[in-house]
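*Asks:* what shape does this take:
(2 chains)
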Amino acid sequence: MYSLDFVRPASLAEAVTALQAEDALPLGGGQTLIPALRQRLAMPGRVVALAALPELVGLRVEGGEIRIRGATPHARVAAEAPLPALARLAGGIGDPAVRHRGTIGGSLANNDPAACWPAAVLGLGGVVRVRGLAGPREIAADAWFRGLFDTDLRAGEIVTEVRLPLPLAAAYVRFRQPASRFALAGVFVARFAGGRVRVAVTGASASGVYRWTEAEQLLASDFSPGALAPLCVSAEGMLADVQAPADYRAHLVKVIACRAVAEAASGRTACG
Amino acid sequence: MPKDFGIGASSKRREDVRFLTGAGRYTDDINLPGQAYAAILRSPVAHARINALDTSAARAAPGVLLVLTGADVEAVGGLPCGWLIHSRDGSPMKEPKHPILAHGKVRHVGDPVALVVAETYAQARDAAEMIEMDLAELPAVIDMRKALKDGAGDVHEDAPGNLCYDWTFGTPQEETDAAFASAAHVTTLELINNRLVANPMEPRAAIGDYARHSGEHTLYTTSQNPHVIRLLMGAFVLGIPEHKLRVVAPDVGGGFGTKIYHYAEEALVTLAAKQINRPVKWTSERAEAFISDAQGRDHVTKIELALDAEGKFLALRTDTLANMGAYLSTFASSIPTYLHGTLMAGNYLTPKITVNVRAVFTNTVPVDAYRGAGRPEATYQLERVIDQAARELGLDPIELRRKNFIPADRFPYATPVAVEYDTGNYAATMDKLVEISDRAGFEARKTESAKRGKLRGFGVASYIEACGLAPSRLAGQLGARAGLFESAQVRVNAAGGVVVWTGTHSHGQGHETTFAQVVADMLGLPEDQIEIVHGDTSKGSMGMGTYGSRSLSVGGSAIVNATKKVIEKARKIAAHLMEASAEDVAFENGQFTVKGTDRSVAFGEVALAAYVPHNYPLEELEPGLEEQAFYDPSNFTYPAGAYACEVEVDPDTGKVEVLGFWAADDFGNVVNPMIVEGQVQGGVAQGIGQALLESCVYDETGQLLTGTYMDYAMPRATDIPMIGVDHSCQTPCTHNPLGVKGCGEAGAIGSPPALVNAVLDALNAGGHKVAHVDMPLSPARVWAAMRDAAA
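*Replies:* Residues are numbered from 1 along each chain as shown, chains lettered A, B, ... in the order given. Presented below is the predicted three-dimensional model:
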């Protein structure tokens, strides 16, 4: 680690102010930033710790939405989320140490292409609330995720809350990458009133989390795994690495999507 | 009833108290007064000429005490290789210099380029980053098959064509080829034994210390064999006589082979400590370990098995490329040759065996022994080709093995590949395996899996290994440059406690418990009266360390012999005390008695008399009670057994779940059954890692693609099933006093082929005609194999 200034603000307002320094980075649960710092892959002059701010922690249901504050750790969501698919997703991230440190806001700001949270937020069509010096902003999930490690978050802004509409049924199924145990392919499926369906895929694409709109259309009229049978996922644009080539990930997307649909349709929640 | 004391008892591991309560003292826990810290600048590229190194900014950086580059250590000897292999044409292997800091060229990512010592580690690291490297990149030589082709470029100018040696062994090629020509059936497999990173929990560390008043150097290091480091570094690298060099290997958190070798960092901190007259500590980071710890395996093999019409093995021939990496590590040359070729007979009567191995230099981290070392590579290819032969011939794989086992009445058995197995009963371990794995119930379990849409498979593998390294005379004939005996000292204190020094080293194996059981049993004393001491060259005369499952069979034998000497001397003292003749004195349960009388004297009383020799035969006997023994075995030991694995494959994803693992081992006699069981389970866990998860992968430029745990898949607890272990089949070793064979590596040797055979059984039984899938059997690979088989 290079030497840096560690700032622990007493309030969100203080945190936003502290983040305005040119080489400042926000520190959520540190599950990505701390390893990067230790390996000297990041060299901010200042990190601003958010995890201890009470106004950034907690979740509640309000207005038909689950509202999860930005620095809420995964373990808390796993224990308290009223939507089983979300609780299981959060409870399947990393290991207990990771889940008690890592935060939903950190995951969404980082937008790792294999992370789980982006699939849930995109799959539910959530809204990300951020706050910067200019005040709060709300960004719809479809606009938030802009590609590999890229989001609509601007410098000096903090993810303060995520608002997720409650679906009629939802499921998240993840196939784990053997080394990192992140998603090699993870699919979040949600069905809303009126037959509207959203399907979000993480882990597979070289451009990060994405919506599988062809699947959404088919599932809107027939919410069953069989509805996906006509689809063939192209390997083009899929991630390829030492663990899996692109064609395998393309194959997995459909297999895992079918499993997610089956689970959501049955009302059963299986382990991801 | 199981014993609760001494040999045969599952005594609790006494060392675990300190390990589990954080009281262990590892190298990095040691901090000496005035200690400075070292960082190493490593090559970011696989192959380049060093045009220039500008160290001026680093030297001027805050806190910096010393900067060394290759030019500064040019006069220092290269890191030695301990085993000379000769090619088939009689020429010695190519042995290019392995400098402690790169000079002229860098040859792998991670090759040390400069040492920076500073007041703090952060300062040393900051300064190391300020060194400007002017490197002219050269084409990297990565793939072994390409490395041997014209125009590949040379890793070393003095090893043109990248060939280290071209070795042949066993039956003359023409004889074997003739057997193949007459065979009813030939099965051929081409396979890769995947490169592994050992990943001990404790990364390497080293502290150099120099005492001006005595001129003595002390090196604290994470080593499996401190005396060997003293010998290699003192005699070959730095020119420090052994009486001026002390090497301490305190608690070591796992070795698995990768801490056998003498590494550049050990020499660098030793050198630096003298130059700045302060202790210098270096501690590897995990990322550094991935590019500087010697790696394991990495063979590419073609194996052919010839069988007659009845399924009897007629002949075997193999052609292997073995990756040496960029330099020859300490034992690198011996692994694919004498620890691999000598095992190609396996448990079978194959009369003709020819083994060909070409060792290849590449621009990758050096490769050396990793748990099993050569023997897993031999076992894997043999047990894979046998399974494939059974499939091709429509035979039961267990029956095919039984048909070819060396029968129990054929021992000692001389193989066509130089070694002579002393004892064994391979059919017995296979029978035991079939029993403990409930092979009979497999079909029902398979049907149940099929109902859930899963493919269930059952695979077995037999194995044999040569351990207890080694008979020095034989090893010397085969090119070893060192002896491979072991030594022990047994010192009985005046008040009765016993201190046993062993030249082996415990880094997880539980020697402090096992060895104490042996001595306690022999002396009839409580185990807690026996202290086992190891890991410090100043405390014992000479030792060769721990590797090759040698500690109990060789080191334990030395302890037994030294303890016997103690008993014999004590018998004479006791005879004097009881006014009897020594021949009439018996020793049992810690008591000397005069046979046929009620006269007795306790061992403790004899010990006291030895140090307070008021009533003592001083004319015939020296005072004191302390003995030493050196033990050199007359043969290797040959643990053997059979392993079974049961898996379920998800045909939609290719994911393999290991449902069960069973090991039926013949380790000869067993001192501590609980520790033996743990050794086997740990070995199986590592074998599952190799077969299912782990793979060290370089891209074509020589960058390591699996340099963190995000990409290098280590097995987790959830990947390991319950492992059924049985060691009740015992054919004791005939040539060591304990009758033991060694158990440290068996699990890692027998398990990979059993697992791969199980997966192939599942696939083929499920209608996917797949002959082979290379390890690790990742979901993507298994899925692709099924897809390609369908096409």
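*Asks:* residue 146: what secondary structure?
*Replies:* Answering for chain A, as no chain was given. Following DSSP: H, G, I helix; E, B strand; the rest coil, the label given to A:R146 is strand.
*Asks:* please refer instead to chain B.
*Replies:* helix.
*Asks:* quick one: contacts for it?
*Replies:* B:A152 (Cβ atoms under 8 Å, 6 or more residues apart in numbering or on different chains). Just so you know, the C-beta spots here come from the backbone N, C-alpha and C atoms, and that holds for glycine as well.
*Asks:* so what's it scoring on pLDDT?
*Replies:* If you check B:K146, the pLDDT there is 97.
*Asks:* then A:A52?
*Replies:* Looking at A:A52, the pLDDT reads 85.
*Asks:* now it: how far from A:R101?
*Replies:* 12 Å (Cβ to Cβ, to the nearest Å).
*Asks:* same deal with A:E80?
*Replies:* On the measure of Cβ to Cβ, A:E80 and A:R101 end up 17 Å apart.
*Asks:* which residues of the stretch 101-250 of chain A fall in strands?
*Replies:* A:127-132, A:135-140, A:145-147, A:150-151, A:158-165, A:169-176, A:183-191, A:197-202, A:210-211 (DSSP state E, counting those that start in this stretch).
*Asks:* now, of the ones you listed, which is deepest in the fold?
*Replies:* For the strands of the stretch 101-250 of chain A, the largest average neighbour count (mean count of other Cβ atoms under 10 Å in any protein chain shown) is found in strand A:183-191, namely a mean of 30.
*Asks:* just the CA trace of it, in CSV.
*Replies:* C-alpha atoms of strand A:183-191 as CSV (Å, rounded to 0.1, in the frame of the first residue of the first chain):
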residue,chain,number,x,y,z
ALA,A,183,-20.6,-15.5,-11.0
LEU,A,184,-19.4,-17.2,-14.2
ALA,A,185,-23.0,-16.7,-15.2
GLY,A,186,-25.7,-15.3,-12.9
VAL,A,187,-29.2,-14.6,-13.9
PHE,A,188,-31.8,-12.5,-12.0
VAL,A,189,-35.3,-13.0,-13.2
ALA,A,190,-38.3,-10.9,-11.9
ARG,A,191,-41.9,-11.0,-12.9
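*Asks:* what angle sits between it and strand A:169-176?
*Replies:* Taking axes from the mean of the first three to the mean of the last three Cα atoms, to 10 degrees, one finds strand A:183-191 and strand A:169-176 inclined to each other by 170 degrees.
*Asks:* what packs against strand A:183-191?
*Replies:* helix A:84-91, helix A:117-124, strand A:169-176, strand A:197-202, helix A:246-266 (3 or more Cβ pairs under 8 Å, 6 or more residues apart in numbering or on different chains; DSSP states H and E).
*Asks:* same thing but 10 Å
*Replies:* The contact analysis (3 or more Cβ pairs under 10 Å, 6 or more residues apart in numbering or on different chains; DSSP states H and E) places strand A:183-191 against helix A:84-91, helix A:117-124, strand A:169-176, strand A:197-202, helix A:213-221, helix A:246-266.
*Asks:* nearest to chain B, of those?
*Replies:* helix A:246-266 (4.1 Å; Cβ to the nearest Cβ).
*Asks:* so which of the strands of the stretch 101-250 of chain A comes closest to B:A574?
*Replies:* Nearest of the strands of the stretch 101-250 of chain A to B:A574, taken as Cβ to Cβ: strand A:169-176 at 66.2 Å.
*Asks:* let's have the helices and strands packed on strand A:183-191 in JSON lines, adding mean pLDDT and distance to chain B.
*Replies:* Listed next are those as JSON lines, based on pLDDT from 0 to 100; distance: least, Cβ to the nearest Cβ, whole Å:
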{"stretch": "helix A:84-91", "mean pLDDT": "97", "distance to chain B": "15"}
{"stretch": "helix A:117-124", "mean pLDDT": "98", "distance to chain B": "17"}
{"stretch": "strand A:169-176", "mean pLDDT": "97", "distance to chain B": "6"}
{"stretch": "strand A:197-202", "mean pLDDT": "98", "distance to chain B": "15"}
{"stretch": "helix A:213-221", "mean pLDDT": "98", "distance to chain B": "17"}
{"stretch": "helix A:246-266", "mean pLDDT": "97", "distance to chain B": "4"}
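*Asks:* check those for me and report the most buried one.
*Replies:* Highest mean neighbour count among the helices and strands packed on strand A:183-191 (mean count of other Cβ under 10 Å): helix A:117-124, a mean of 29.
*Asks:* in a strand, B:A389, correct?
*Replies:* No: with three-state DSSP as the criterion, B:A389 is located in helix rather than a strand.
*Asks:* so who does the residue nearest the centre of chain A touch?
*Replies:* Nearest residue to the geometric centre of chain A (Cα atoms, centre = their mean): A:W117, 1.9 Å. A:W117 sits next to A:68, A:74, A:77, A:86, A:89-90, A:93, A:102-108, A:110-111, A:126, A:162, A:188, A:202, A:209 when contact means Cβ atoms under 10 Å, 6 or more residues apart in numbering or on different chains.
*Asks:* so B:K3 sits against B:S10, correct?
*Replies:* Yes: counting by Cβ atoms under 10 Å, B:K3 touches B:S10, with 8.4 Å between them.
*Asks:* between the two, which one's more packed in?
*Replies:* Comparing B:K3 with B:S10 by other Cβ atoms under 10 Å in any protein chain shown, the one with more neighbours is B:S10, at 18 against 14.
*Asks:* helix, strand or coil: sort out that one for me.
*Replies:* Relying on three-state DSSP, one would call B:S10 coil.
*Asks:* lowest confidence element among the helices and strands of the chain?
*Replies:* In the absence of a named chain, chain A is used. Lowest by mean pLDDT, DSSP states H and E among the helices and strands of chain A is helix A:33-38, with a mean of 93.
*Asks:* that answer is for a different chain, and I need it for chain B
*Replies:* Result, chain B / mean pLDDT, DSSP H and E: helix B:472-477, a mean of 92.
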